[in-house]
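In: Quick one, fold the following:
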Amino acid sequence: MTIIPFIIFIPILAMVALCDYKRQTIPNKITYPAAVLAITLNLFFLPWPVILGGGLLAFIIGLLLKRFAGAGSGDVKLMGVVGVMFGMPVFLAVMLGGFMLGSIVSLVLFLSKREGPGGQTIPFGMYLSLSGIIVCGWLIFVIWGA
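Out: Numbering: from 1, shown residues only. Predicted coordinates:
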């Protein structure tokens with residue numbers, strides 16, 4: 001395994017986080033090329049079932065969150081992109097981290113009686129992207145240190 005894909009994924013995830021923070025939307029102009037780039041890069045470094053399994057399972061989880069928890073379409077697509085970026089099972093750590101970051105910030109905002117960056121809504125893509133950046137940094141540290 002190499003650190004090259006993770007170094008490339010960090011600015012993409014940062015753009016997504018910034019877009020979701022400022023506009024509460026995740027543009028397809030970012031997610032579609034990011035998915036193609038992630039698949040192409042990871043084919044050199046990960047087995048294709050790991051990439052496909054991660055992307056498919058992440059997208060299914062995203063669809064369930066859209067149906068039952070009010071996630072947006074951009075969040076669902078971003079989950080699929082994160083799935084192919086990190087593959088199976090690492091994307092689960094990214095999703096769990098995103099849920100935890102969003103929950104902590106939401107709890108703090110609720111207790112302080114303030115509104116978040118999305119007003120009454122929580123821009124989940126921002127927290128998922130930040131979690132992905134943290135996991136990328138951790139993987140770079142672990143791989144480079146090994």
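
In: From now on I want contacts and neighbour counts done on CA atoms only, so please keep to that.
Out: Fine.

In: if I look at Ala69, how far off is Gly55?
Out: As judged by Cα to Cα, to the nearest Å, Ala69 and Gly55 stand 20 Å apart.

In: Could you check which of the two is surrounded by more residues?
Out: Between Ala69 and Gly55, counted using other Cα atoms under 10 Å, the more crowded position is Gly55 (27 against 10).

In: gap between the spatially closest residue to that one that is not a sequence neighbour and Trp144?
Out: Leaving aside its chain neighbours, Gly55 sits nearest to Gly83 (3.9 Å; criterion: Cα to Cα, 6 or more residues apart in numbering). Remark: distance between Gly83 and Trp144 (Cα to Cα) = 22 Å.

In: Ok, Val105 next?
Out: Taking Cα to Cα as the measure, Val105 falls 31 Å from Trp144.

In: Those two: who's more crowded?
Out: Neighbour count, other Cα under 10 Å: between Val105 and Trp144, Val105 has more, with 14 against 10.

In: which element is the more buried one on?
Out: Counting by DSSP states H and E, the element that carries Val105 is helix 90-111.

In: then that helix to CSV, C-alphas only?
Out: Extracted in CSV, the C-alpha atoms of helix 90-111 (Å, rounded to 0.1, in the frame of the first residue of the first chain):
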residue,chain,number,x,y,z
VAL,A,90,-11.8,1.3,6.1
PHE,A,91,-14.8,3.4,4.9
LEU,A,92,-16.7,2.2,7.9
ALA,A,93,-14.2,4.1,10.1
VAL,A,94,-14.7,7.2,8.0
MET,A,95,-18.5,6.9,8.3
LEU,A,96,-18.3,6.3,12.0
GLY,A,97,-16.0,9.3,12.4
GLY,A,98,-18.4,11.4,10.4
PHE,A,99,-21.3,10.4,12.5
MET,A,100,-19.4,11.1,15.7
LEU,A,101,-18.1,14.5,14.6
GLY,A,102,-21.6,15.5,13.5
SER,A,103,-23.1,14.2,16.7
ILE,A,104,-20.7,16.0,18.9
VAL,A,105,-21.0,19.3,17.1
SER,A,106,-24.8,19.0,17.1
LEU,A,107,-24.9,18.2,20.8
VAL,A,108,-22.7,21.2,21.6
LEU,A,109,-24.9,23.5,19.4
PHE,A,110,-28.0,22.1,20.9
LEU,A,111,-26.8,22.6,24.5
